[in-house]
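Novice: got a predicted structure here, sequence first:
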Amino acid sequence: MSEALRPMARPRLYEQVVERLRQYAAEDGLGAGDRLPAERELAQRLGVSRASVKQAIVVLEVQGLVEVRHGGGTYLVRDTLDAAEPVERLVERRRRLPDVLEAREAMETKLAELAARRRTDADLAALDDALAHMAKEVEDGGPGVEGDRRFHAAVTAAAHSALLAEFMRSIAEQIGESRNESLRQPGRPQGSLAQHRRILEAVRDGDPEAAAAAMREHVRTVAEVRLLTWTPEEEEGS
């Protein structure tokens, strides 16, 4: 049978809610700092379940368009709810993220252990520089993405394992996605910086067990992201 006649995919209900919220924000002239109606009100006005509204809010939150304040409502972060990232790409990122985080924990824990055994003075200087760069980024109000990238690259280099370094390069793009996802979480840049300091301290002390434990804790914290609370595959009622 022709591929042209395969069953047509229907937009999921939460995707329709996202589009309605974008239209609402545009038509009402909402901008950064403005609050969306409460979830209960949105569900009533749109004629959908609160679960569908919650799914839609998570999509907007993960796209960096709204901020959900515990007990305080949902607020626009920008002057628009238009997103550069299509929902389908977000779904794909959600599906592969657990595998990426699993690979990171396995490889980066070992890399930290090896770094504590093999680091040179030049390696320690590179780690110090990366940490200083991230600290400056965070101090300036940024997420610290480049400093984070430099720090993990410096740990990889300090391990002096060509094969592990090659493995890390092979998933660099996916690691970058997980890094961006993690550092968007409220308070995460400062926490990540503190964890990096503990990793560096263990590497500097030449303590492989402590370095591995500190890296494991760090990568598991990276895994605590809003995106993983989203279950786009779930059937939603109306």
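Specialist: Thanks, I have it.

Novice: for the residue nearest to residue 210 when sequence neighbours are not counted, report the pLDDT, please.
Specialist: Distances taken as Cβ to Cβ, 6 or more residues apart in numbering put residue 202 closest to residue 210, at 3.8 Å, once the chain neighbours are dropped. (C-beta placed from N, C-alpha, C; glycine too.) Residue 202 carries a pLDDT score of 98 in this model.

Novice: same question, residue 161
Specialist: At residue 161, the pLDDT recorded in the model is 98.

Novice: let me see the backbone angles for it.
Specialist: When read as degrees, to the nearest 10, the backbone of residue 161 gives phi -130, psi 100.

Novice: which element, helix or strand, includes the nearest residue to it once chain neighbours are set aside?
Specialist: On the basis of Cβ to Cβ, 6+ apart, the spatially nearest residue to residue 161 that is not a chain neighbour turns out to be residue 114, at 5.8 Å. According to DSSP states H and E, residue 114 maps onto helix 87-118.

Novice: for stretch 76-94, C-alpha coordinates in CSV please.
Specialist: What follows is stretch 76-94, C-alpha atoms only, in CSV (Å, rounded to 0.1, in the frame of the first residue of the first chain):
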residue,chain,number,x,y,z
LEU,A,76,5.8,34.0,31.1
VAL,A,77,9.6,34.2,30.9
ARG,A,78,9.6,36.0,27.5
ASP,A,79,7.2,38.3,25.6
THR,A,80,5.9,35.4,23.6
LEU,A,81,5.1,31.7,23.9
ASP,A,82,6.4,30.9,20.4
ALA,A,83,9.1,28.3,20.6
ALA,A,84,12.0,27.6,18.3
GLU,A,85,11.9,23.8,19.2
PRO,A,86,9.0,21.8,17.7
VAL,A,87,7.2,19.6,20.2
GLU,A,88,8.1,16.4,18.2
ARG,A,89,11.8,17.3,18.7
LEU,A,90,11.1,17.7,22.4
VAL,A,91,9.5,14.3,22.5
GLU,A,92,12.6,12.7,20.9
ARG,A,93,14.8,14.4,23.4
ARG,A,94,12.7,13.1,26.2
